[in-house]
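> here are the coordinates; sequence isn't available:
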């Protein structure tokens, strides 16, 4: 009878069986990757718009739709999916690490009686998970920025990365491994945008140097491109954020349902 009771949806202790942590982390990364397939064009438009100057003579794109139309006209349908492999790797590294670290810390800091961590502790857990995920995902982010920016450069200046792994290999070989965690000078100013740099995690510089460098970039962006240039690419970024979040949870829910149906319901 005991064996029969433990063979259903419940475990040997009578509690409902749940997915292993490794499966949860895997599904989290896969869900983010699935969503990226649909929103990658918006990521490309965001990066291209952040690259463009703000002045009337230097500004390449007037609106997000103008940017998308221009990219389609110049580079074709494949062009709007430039950097997809880097976007997928970013999700596989950043999302999986962030969810994994958050889950582990949350469970370890939950009281023996099941009391969850308080608000401030949750905030610390979230920041720790986010920072760790950002560090792990930065190499893919660097590759993504470069790959999405390549199409706007003159032909003789394009890097021509074949995929994200080719990009990472060449960056390490040509510029050193530390470059994978560094957004430097003009490239950072033009590509990442001030807000991204302020939130960026570099290699091993002291904290005050990060703050000083971020403030310096912020002032340069305002001086050379104007105050409102800080919001370049906001529309495609916002348009990307909503669908990506919704799609991620949809894919995650479906994968969890499939896993429970196939492996936990017997």
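Cool, the structure landed. Values in this document were obtained by computation on a predicted structure and should not be read as measured data.

> hey, where'd the helices end up in this protein?
In the chain, the helices defined using DSSP state H lie at 2-6, 21-51, 64-79, 84-90, 96-108, 119-149, 164-175, 185-187, 194-198, 207-225, 234-259.

> any weak-confidence spans in the stretch 51-200 of the chain?
Counting by pLDDT under 70, the stretch 51-200 of the chain has low-confidence residues at 53-59, 183-200.

> kindly recompute the last result at 80.
Within the stretch 51-200 of the chain, the ranges that satisfy pLDDT under 80 run 51-62, 182-200.

> count of residues packed around residue 92?
20 (other C-beta atoms under 10 Å). Using the backbone N, CA and C atoms, a C-beta is placed for each residue, glycine as well.

> mind listing what it touches?
29, 32, 33, 140 (C-beta atoms under 8 Å, 6 or more residues apart in numbering).

> closest to residue 123 out of these?
Ranked by distance to residue 123 (C-beta to C-beta), these are led by residue 32 at 22.1 Å.

> distance check, that closest one against residue 75.
Distance of residue 32 to residue 75, given as C-beta to C-beta, to the nearest Å: 25 Å.

> tell me which of these two has more neighbours.
A direct count of neighbours by other C-beta under 10 Å for residue 32 and residue 75 places residue 32 higher, at 25 against 16.

> what's the spacing between the more buried one and residue 68?
Counting by C-beta to C-beta, the gap from residue 32 to residue 68 is 23 Å.

> try residue 114
49 Å.

> thinking again about what came up before, just the buried subset of the contacts of residue 92, please.
When the contacts of residue 92 are checked for burial by 16 or more other C-beta atoms under 10 Å, the buried set is 29, 32, 33, 140.

> need the contacts of residue 92 in CSV (columns: distance to residue 21).
Formatted as CSV, the contacts of residue 92 follow (distance: C-beta to C-beta, whole Å):
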residue, distance to residue 21
29, 13
32, 17
33, 19
140, 23
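
> so which of those comes closest to residue 215?
Closest to residue 215 out of those is residue 140 (26.5 Å), distances taken as C-beta to C-beta.

> am I right that that closest one is in contact with residue 95?
No. Using C-beta atoms under 8 Å, residue 140 is not in contact with residue 95, being 10.9 Å away.

> can you say which of the helices of the chain is packed in most?
helix 84-90 (a mean of 24; mean count of other C-beta atoms under 10 Å).

> show residues contacting it.
Helix 84-90 has contacts (C-beta under 8 Å, 6+ apart) with 33, 36-37, 40, 43, 137, 140-141, 143-144, 147, 163-165, 167.

> nearest to residue 127, of those?
Nearest to residue 127 among the contacts of helix 84-90: residue 137, at 15.3 Å, using C-beta to C-beta.
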